[in-house]
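Enquirer: model this:
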Amino acid sequence: MSDAFSSLISQTRTFMSELSQNNNREWFTENKERYESQLKKPAKHLLDAIAPELSKMLDQPVTTKLFRANRDVRFSKDKTPYTLHLHMMWSPQGNGTQPVYFFGIANDYVTTGAGLMGFDKAQQSAWRAWVSEREGDALQSKVDAALKDGATLRKPELKRVPSPFEKDHPRADLLRHKSLTLWKEIGTAAEAGLEAAILSTFKEFNPVMDDLRSFL
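Expert: Okay, the predicted model is just below:
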C-alpha cells in the first residue's frame, strides 16, 4: 500500500508550484486528470492506510476526509479558485466531541496536526474550569513534552487572561486559548516512510489529545 503514496509529497509540491503560477479554471481543467491520479488518488490511499491504525491506537472508529481543491471565495477578497495545499483529516467517532488529526502538504510545509480548532460555548467553560485546577498542571506537562519533541502549539487567541482569573494565574497561557491544536513539521524526508511518520507524530500528540477527550 505504501507504494500508492510513495511520491505524494514530491508530486503535490510540483503540482502546487505550477498551480501557483496558473491559478485559474482553464489550467486546472487541463490538468485535472493529473490532479486525480497524482494527488487525489494517492491521498485517499494514505487516508485509508492510516485510518485502521489510528482506530486501533484510539480504540474507536475513525472516518476520513480529503479537503476539496476548490477554495470558498464567497467572503474573500482573494478570488483565486484553488487552494495551494493538499489537506486531509481523520475524525474519531467516539462519544462526544473528539479531537481530530490532520496531515497537509504545501510548498512550504509538510505537517501533521491534532486537536480542536475551536471550542463551543460549553466547551470553553469546561476548558477554563479544567485547566484552572490541578488538571491543568498535568496538561501543561504533556504539552511541554510534545513541544520538546518538536511540536508547536497554536498561539492563544486571547491577548488577556479571561475573568474571573488573575492575569498571573499559573495556567494563564492555557486559559487564553479558545482552541487547542498541536502541529509538527515532518519534512520531505518523511516521504520514504510517510505512513509510519504520520502515525508516529499522532502517537506523540496523544497524551495531550487524551486530556482533551477527558474534559470533553
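
Enquirer: list the buried residues for the longest helix seen in the chain?
Expert: Longest helix in the chain by number of residues (criterion: DSSP state H): helix 194-215. Within helix 194-215, the residues that qualify as buried by neighbour count (16 or more other CB atoms under 10 Å) are 194-195, 197-199, 201-202, 204-206, 208-209, 211-213. Just so you know, the C-beta spots here come from the backbone N, C-alpha and C atoms, and that holds for glycine as well.

Enquirer: of those residues, closest to W90?
Expert: Nearest to W90 out of the buried residues of helix 194-215 is F202 (CB to CB; 8.3 Å).

Enquirer: measure that closest one to M209 for me?
Expert: Taking CB to CB, to the nearest Å as the criterion, F202 is separated from M209 by 8 Å.

Enquirer: same check, this time on G187
Expert: Here G187 is placed at a distance of 22 Å from M209 (CB to CB).

Enquirer: now do L54
Expert: If you go by CB to CB, the gap between L54 and M209 works out to 11 Å.

Enquirer: where along this structure do the helices fall?
Expert: 8-21, 25-30, 32-35, 41-58, 121-132, 135-148, 172-175, 194-215.

Enquirer: dump those into JSON lines; add mean pLDDT and distance to W183 as well.
Expert: Putting the helices of the chain into JSON lines (pLDDT from 0 to 100; distance: least, CB to CB, whole Å) gives the following:
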{"stretch": "helix 8-21", "mean pLDDT": "97", "distance to W183": "17"}
{"stretch": "helix 25-30", "mean pLDDT": "96", "distance to W183": "28"}
{"stretch": "helix 32-35", "mean pLDDT": "97", "distance to W183": "25"}
{"stretch": "helix 41-58", "mean pLDDT": "97", "distance to W183": "17"}
{"stretch": "helix 121-132", "mean pLDDT": "92", "distance to W183": "19"}
{"stretch": "helix 135-148", "mean pLDDT": "93", "distance to W183": "10"}
{"stretch": "helix 172-175", "mean pLDDT": "95", "distance to W183": "17"}
{"stretch": "helix 194-215", "mean pLDDT": "94", "distance to W183": "9"}
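
Enquirer: can I get these in CSV including distance to Y109?
Expert: CSV is the format used below for the helices of the chain (distance: least, CB to CB, whole Å):
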stretch, distance to Y109
helix 8-21, 10
helix 25-30, 22
helix 32-35, 19
helix 41-58, 16
helix 121-132, 27
helix 135-148, 18
helix 172-175, 24
helix 194-215, 13
